[in-house]
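Engineer: 3D model of this:
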Amino acid sequence: MSGLSPLTWLLFAWGAVTTAFVILMIYRSLITMREDDQLFLDSTQKAAAAEQTEIQHKLSRLSPYTKGLGWASACLAVGVVGVWIYQAMTRFNTAP
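Structural biologist: Numbering: from 1, shown residues only. All right, here's what the predicted structure looks like:
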C-alpha cells in the first residue's frame, strides 16, 4: 500500500486534468488566431470561406473536450478543498 494520502492523489489528478485543460486551451487559441470575425467574400475567394468553415468545424469538435476538462478541473479543485478541510477538522478535533 502506498503512503500517499487521498489529498495527495486528488492533487495529482487535479494537476493532470488541469494541465491537459491548459494545453487544450492553448491549442484552441492557436486555432482561433486565424479566425476572422467578419468576411466579405466575392465569388473568387472560395478558399478563404472554406478555411473559415474548417476552423469553425475544428472548434466545434474541440468544444466538448474543453468543457469536460474545465468542469473536471473545477470539480477536482472543490474535492481537494473539501478533503483538505475535512483533514484539518479531524486533526483539530483530535488534538490534545
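Engineer: helix, strand or coil for Asp42?
Structural biologist: coil (DSSP: H, G, I helix; E, B strand; the rest coil).
Engineer: any idea how far it lies from Ile31?
Structural biologist: 26 Å (Cβ to Cβ, to the nearest Å). All C-beta atoms are positioned from the backbone trio N, CA, C, and that covers glycine.
Engineer: give me the below-cutoff pLDDT ranges for this structure.
Structural biologist: 1-2, 35-41, 95-96 (pLDDT under 70).
Engineer: element containing the residue nearest the centre of it, please.
Structural biologist: Closest residue to the average C-alpha location of the chain: Phe21 at 2.8 Å, with Cα atoms, centre = their mean. Phe21 belongs to helix 6-32 when assigned by DSSP states H and E.
Engineer: so what does that helix touch, helix or strand wise?
Structural biologist: helix 46-94 (3 or more Cβ pairs under 8 Å, 6 or more residues apart in numbering; DSSP states H and E).
Engineer: check which helices and strands the helix it packs on is in contact with.
Structural biologist: Against helix 46-94 (3+ Cβ pairs under 8 Å, 6+ apart) you get helix 6-32.
Engineer: thinking again about what came up before, now do the contacts for the residue nearest to the centre of the chain.
Structural biologist: Thr66, Leu69, Gly70, Ala72, Ser73 (Cβ atoms under 8 Å, 6 or more residues apart in numbering).
Engineer: ChimeraX command for the buried members of the residues you listed?
Structural biologist: Selection of buried members from the contacts of Phe21 for ChimeraX, criterion 16 or more other Cβ atoms under 10 Å:
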select :69,72,73
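Engineer: is it possible to get a markdown table of the contacts of Phe21 that adds distance to Asn93?
Structural biologist: Listed next are the contacts of Phe21 as a markdown table, based on distance: Cβ to Cβ, whole Å:
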| residue | distance to Asn93 |
| --- | --- |
| Thr66 | 41 |
| Leu69 | 36 |
| Gly70 | 35 |
| Ala72 | 31 |
| Ser73 | 31 |
